[in-house]
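Undergrad: Need a 3D model of the following:
(one chain, ligands or ions: 1)
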Amino acid sequence: MKNIAVLILAFSCCVCQVAAHENYDNVHQCSGSTGCFDTLSLTSISQTLGAMGEKVANMAEKMTLLESKLVNSEREVLELRSLTAGKPQVAFSAALTESDGKHIGPFTTDTPLKYKKVFSNTGNGYNPSTGIFTAPVNGTYFFRFSMFKSVSPTSNSVVCLMKNDEWLASVWDTSGTDSTDMGSNAAVIALQVGDSVFVELQATRVVYESNLYFNTFTGFLLFTA
Ligand SMILES: [Ca+2]
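TA: Here you go, the predicted model:
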């Protein structure tokens, strides 16, 4: 605001200088006649002051408008800051094991896979001891998992992405004489606080993992509900 006031003052000075110059010209045009000088000078000064006053009034109006816009912009910035600052951050990614190549399974029952090599776990929603992610906030989440199958042993590989007791997405590979196989699947789902999401190795099935981290489980919050 101080800067704008200084600009107006400078502008006013310039206008006054122009007015003085115009008065000087009028004086010379009416030289030799005192009445002409007085009339022309007063008329010119009056016209100049009137025009200057109109310009100042216009500038004051624009300043008021700009000040109002500035106040609104500052309020919007504060609102956006409050929204982003309060947004929960939830993201994790993990691989099945750090040990060298080995088969996991078969088990006699459906078993959650425990992805113990944690790459990230912002918000600590994922538990590597159980392999289960628990939603800390209501919202829409993205999940992805991959499965790697070696040629031996002969059991098939079947893993499923689970939401509580509900099957969401699966990857299947049939054993045989082919080489190693790999697949992945993903889902975007709505979760309530406390919902569980995990990858389940089906009974009698196997997967193969090594320190190259073929089997991964990843999830993150897209937006809150
Ligand atoms: Ca196969």
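Undergrad: CA only for contacts and neighbour counts going forward, please
TA: Will do.
Undergrad: near the ion, which residues of the protein?
TA: Residues of the chain found near the ion (C-alpha under 5 Å from the ion) are 173-175.
Undergrad: ranking those residues by neighbours, who comes first?
TA: residue 173 (21 neighbours; other C-alpha atoms under 10 Å).
Undergrad: Let me know whether that one touches residue 181 as I believe.
TA: Yes - the pair residue 173 / residue 181 is scored as a contact, 7.1 Å apart, by C-alpha atoms under 8 Å.
Undergrad: In CSV: the residues of the chain next to the ion, plus pLDDT and secondary structure.
TA: Below are those laid out as CSV (pLDDT from 0 to 100; DSSP: H, G, I helix; E, B strand; the rest coil):
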residue, pLDDT, secondary structure
173, 89, strand
174, 86, coil
175, 81, coil
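Undergrad: I'd like a version of the residues you listed in TSV, one that adds distance to residue 38 as further columns.
TA: Shown next, in TSV, are these (distance: C-alpha to C-alpha, whole Å):
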residue	distance to residue 38
173	106
174	110
175	112
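Undergrad: partners of the host helix or strand of residue 197, with directions?
TA: Take DSSP states H and E as the rule and residue 197 turns out to sit in strand 196-201. Strand pairing for strand 196-201, determined by DSSP bridges: strand 111-112 (antiparallel), strand 132-134 (antiparallel), strand 157-163 (antiparallel).
Undergrad: now the ones you listed in CSV, with mean pLDDT and mean neighbour count?
TA: Converted to CSV, these look like this (pLDDT from 0 to 100; neighbours: other C-alpha atoms under 10 Å):
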stretch, mean pLDDT, mean neighbour count
strand 111-112, 96, 18
strand 132-134, 98, 22
strand 157-163, 95, 23
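Undergrad: Relative to residue 222, which of these is closest?
TA: strand 132-134 (15.1 Å; C-alpha to C-alpha).
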